[in-house]
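Q: Next one to model:
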Amino acid sequence: MSHRFLICSTILLLFAGASLGGVVLPMDIDVFWCGGEWGSWMDGDNWCDNILWICDPPQSPCRPYQWPDNNDILYFYVSIDSNDAGVERVHVTWEGAYGPTVSEIEFRGDVHLLKWGGPWNELIVVEPNGFLNYGDLRVEIDVRGDIVNTSGSAIEFSGHLNVFGDLYNEAGAVVNVSRDDIDIEDGAVYNAGQIWLAGNGGIGEGHLFSNTGIIRLFNGMCNGKAVVNWQDGLIKGSGFVTSNEGLWNLGTIEAAGGSLLLYVEDGKLMNVGKLISNPGASLHMTPAEDFNNAGMIEVNRDGAVTADCNLVNEPNGHISLLGGTLSADRIIQEDDAVLSGFGGITGDVVINPNGSIQLTGPTSIVGDVEINPNATLEVSDGTTLITGHTTCNNGTIRMVGGRVIFQGGLTNNNCNIFPEPGLYTNMADYNLDGKVNSKDFAYFANVWLWQAEL
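A: Here you go, the predicted model:
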């Protein structure tokens, strides 16, 4: 904040309740904290200014205010700096439900705004983006106004509190919330830095939660009427990402260290970025409508991606099974979409015309499978078990060094079924020694032909 002096000499003549022509002129006043390590906002002895007040007649104290609190003619620009105060940390307390109003306030050094002496404490900041942090700040009071956490700075929100305005967390800045719920009542969250949410701590409820930085969840929660994770954005960890009207992922959302729930109360969950479940972690999606994937879904070993709806893998969408489990009510594979890998699939699978699925390695499908005209199910280098019924209508089943077990039966409507040797395995390798030779014929004859004669 630039200091404001009303005259070059920094001297203001204040005449006992009057001014030229009887008109009271508005005045901007710069004040700074000089109260030491601990003090109340409502104690005038804790505040100093850079203006020499000359009164007529002389008064003591010669000052037209007790503490910073805007009125019709006085507008306060406040600075609280632990370094200027000469202490390691400044603790500012509130008393009761009183809410002082300032035009702008900035914090430097190490400052704590402490809830004190009443159930409700707040600070009102008038100017847009008028609450500015340049240091290490802890906030326990409500704030009416926009908060800007500048690059290289940190804000810790403590206790359940409300912010009536926007929260801007700049690149290189950090916001921490632990165990408490921070409500952004009338604004939005714009994160370009890092936000750490832990121990059921959450931040949101505004009309938008926009992320171009990093959000780390340790059983934490972020929320907005609309949630947008932009291309450079990363949301990682365990907890909750919830939205009232829609969640759009253009960046990366990564479940790690537990379960991460993506919940949309009313609207779409749309992915054109990356959704990842790390080993042993689960990504659970509960949208109000079908989930459309036009990006990347990666399911790692012992991990899971679950959609409580239909999952439509759109053209150019990519689902990679790396030993994990993919679950949905119905998984619909469109033309030019990719679903590949090995692991588990739970739910009915529909391969639409010209679509394909490539399964490599041991895989189980718990559900029905429908292969439509010119669609392909390719199985290689392992056995795929289908527990439900398989219907192949003018489609293709390719077994490239692999096998399909139709445990629930197969309806063959002009289906093309091709067994082929694979690069690493061959269906004719009956004794599983990695070679195809006369020993395999002998093994086949010994195990199977004698049973056929019974």
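Q: hey, let's count contacts and neighbours off CA atoms from now on
A: Will do.
Q: what about residue 65, how many residues close to it?
A: 12 (other Cα atoms under 10 Å).
Q: Is it in a helix, a strand, or coil?
A: Secondary structure assignment for residue 65 (DSSP: H, G, I helix; E, B strand; the rest coil): coil.
Q: start at 6 instead
A: Sure, I'll start numbering at 6, so the last one becomes residue 70.
Q: and it, how far is that from residue 48?
A: Computed as Cα to Cα, to the nearest Å, the residue 70 to residue 48 distance reads 11 Å.
Q: and what of residue 277?
A: Distance of residue 277 to residue 48, computed by Cα to Cα: 55 Å.
Q: For these two, indicate the residue with more neighbours.
A: Taking other Cα under 10 Å, residue 277 and residue 48 do not tie; residue 277 has more neighbours (22 against 14).
Q: what's near enough to touch that one?
A: 253-256, 298-301, 322 (Cα atoms under 8 Å, 6 or more residues apart in numbering).
Q: just residue 319 next, same as before
A: Residues near residue 319 by Cα under 8 Å, 6+ apart: 297-299, 338-342.
Q: which stretches of the stretch 356-459 of the chain have low pLDDT?
A: Within the stretch 356-459 of the chain, the ranges that satisfy pLDDT under 70 run 426-459.
Q: any chance you could map the helices in it?
A: Using DSSP state H, counting those that start in this stretch, the helices of the stretch 356-459 of the chain run over 443-449, 455-457.
Q: Mind checking which of the contacts of residue 277 are in strands?
A: 253-254, 298, 301 (DSSP state E).
Q: Make JSON lines out of the contacts of residue 319 and add pLDDT.
A: JSON lines is the format used below for these (pLDDT from 0 to 100):
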{"residue": "297", "pLDDT": "94"}
{"residue": "298", "pLDDT": "96"}
{"residue": "299", "pLDDT": "97"}
{"residue": "338", "pLDDT": "97"}
{"residue": "339", "pLDDT": "97"}
{"residue": "340", "pLDDT": "96"}
{"residue": "341", "pLDDT": "95"}
{"residue": "342", "pLDDT": "96"}
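Q: Please list only the buried members of these.
A: 297-299, 338-340, 342 (16 or more other Cα atoms under 10 Å).
Q: Isn't residue 203 up against residue 222?
A: Yes: contact criterion Cα atoms under 8 Å: residue 203 and residue 222 qualify, at 6.1 Å.
Q: which of those two has more neighbours?
A: For residue 203 versus residue 222, neighbours defined as other Cα under 10 Å are more numerous around residue 222 (27 against 21).
Q: and that one, which of the three is it?
A: Residue 222 ends up strand, using three-state DSSP.
Q: I figured residue 422 hits residue 403, correct?
A: Yes: if you go by Cα under 8 Å, residue 422 and residue 403 touch, sitting 5.9 Å apart.
Q: between the two, who's got more neighbours?
A: Neighbour totals were compared for residue 422 and residue 403, and residue 403 leads with 19 against 16 (other Cα under 10 Å).
Q: Would you list the phi and psi of residue 87?
A: Main-chain dihedrals, residue 87, degrees, to the nearest 10: phi -60, psi -30.
Q: Would you enumerate the residues in contact with it?
A: With Cα under 8 Å, 6+ apart, residue 87 has these contacts: 42, 93-95, 113-116.
Q: Distance check, it against residue 76.
A: Taking Cα to Cα, one finds residue 87 at 27 Å from residue 76.
Q: remind me which residues of the chain are low pLDDT?
A: 6-30, 57-67, 101-103, 122-125, 426-459.
Q: Just list whatever residues bridge to residue 154.
A: Counting by DSSP bridges, residue 154 is bridged to residue 138, residue 174.
Q: Can you report how many residues lie near it?
A: 28.
Q: and what of the one 3 residues further on?
A: Residues lying near residue 157 (other Cα under 10 Å) number 15.
Q: Go ahead and report the secondary structure state at it.
A: Taking three-state DSSP as the rule, one finds residue 157 in the coil state.
Q: That one reaches residue 177, doesn't it?
A: Yes: contact status for residue 157 versus residue 177: in contact at 5.1 Å, counting by Cα under 8 Å.
Q: right, and residue 107 touches residue 127 too?
A: No: judged on Cα under 8 Å, residue 107 makes no contact with residue 127 at a distance of 11.5 Å.
Q: what helices or strands is the helix or strand encompassing residue 267 leaning on?
A: Using DSSP states H and E, residue 267 sits within strand 257-269. Judged by 3 or more Cα pairs under 8 Å, 6 or more residues apart in numbering; DSSP states H and E, the packing partners of strand 257-269 are strand 239-254, strand 279-282, strand 287-291.
Q: Show me the contact partners of the one helix or strand residue 167 maps to.
A: According to DSSP H and E, residue 167 maps onto strand 166-169. Residues outside strand 166-169 that contact it (Cα under 8 Å, 6+ apart) are 145-151, 186-192.
Q: partners of that strand, with directions?
A: Strand 166-169 has the following strand partners under DSSP bridges: strand 147-149 (parallel), strand 186-189 (parallel).
Q: ok, residue 112 to residue 217 distance?
A: Residue 112 is 25 Å from residue 217, by Cα to Cα.
Q: TSV please, covering the buried ones among the contacts of residue 319 and showing distance to residue 208.
A: Listed next are the buried ones among the contacts of residue 319 as TSV, based on distance: Cα to Cα, whole Å:
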residue	distance to residue 208
297	27
298	27
299	28
338	36
339	37
340	40
342	36
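Q: Which members of the residues you listed are the farthest-apart pair?
A: With Cα to Cα as the measure, no two of the buried ones among the contacts of residue 319 lie farther apart than 297 and 340, at 13.9 Å.
Q: re earlier: pick the one among the contacts of residue 277 closest to residue 265.
A: Using Cα to Cα, residue 254 comes nearest to residue 265 of the contacts of residue 277, at 14.4 Å.
Q: For the closest one, which residues are in contact?
A: Residue 254 touches 233-236, 275-279, counting by Cα under 8 Å, 6+ apart.
Q: I'd say residue 99 and residue 105 touch.
A: No: if you go by Cα under 8 Å, residue 99 and residue 105 don't touch, sitting 9.5 Å apart.
Q: The two: who's more crowded?
A: Comparing residue 99 with residue 105 by neighbour count (other Cα under 10 Å), the higher total belongs to residue 99, at 24 against 18.
Q: how near is residue 312 to residue 376?
A: Separation of residue 312 from residue 376 (Cα to Cα) stands at 22 Å.
Q: ok, those two, which is more surrounded?
A: Between residue 312 and residue 376, residue 376 has the larger neighbour count (other Cα under 10 Å), namely 28 against 22.
Q: Run through the bridge partners of the more buried one.
A: When bridges are taken as DSSP bridges, the partners of residue 376 come out as residue 356, residue 397.
Q: My read is that it contacts residue 383, right?
A: No: using Cα under 8 Å, residue 376 is not in contact with residue 383, being 11.0 Å away.
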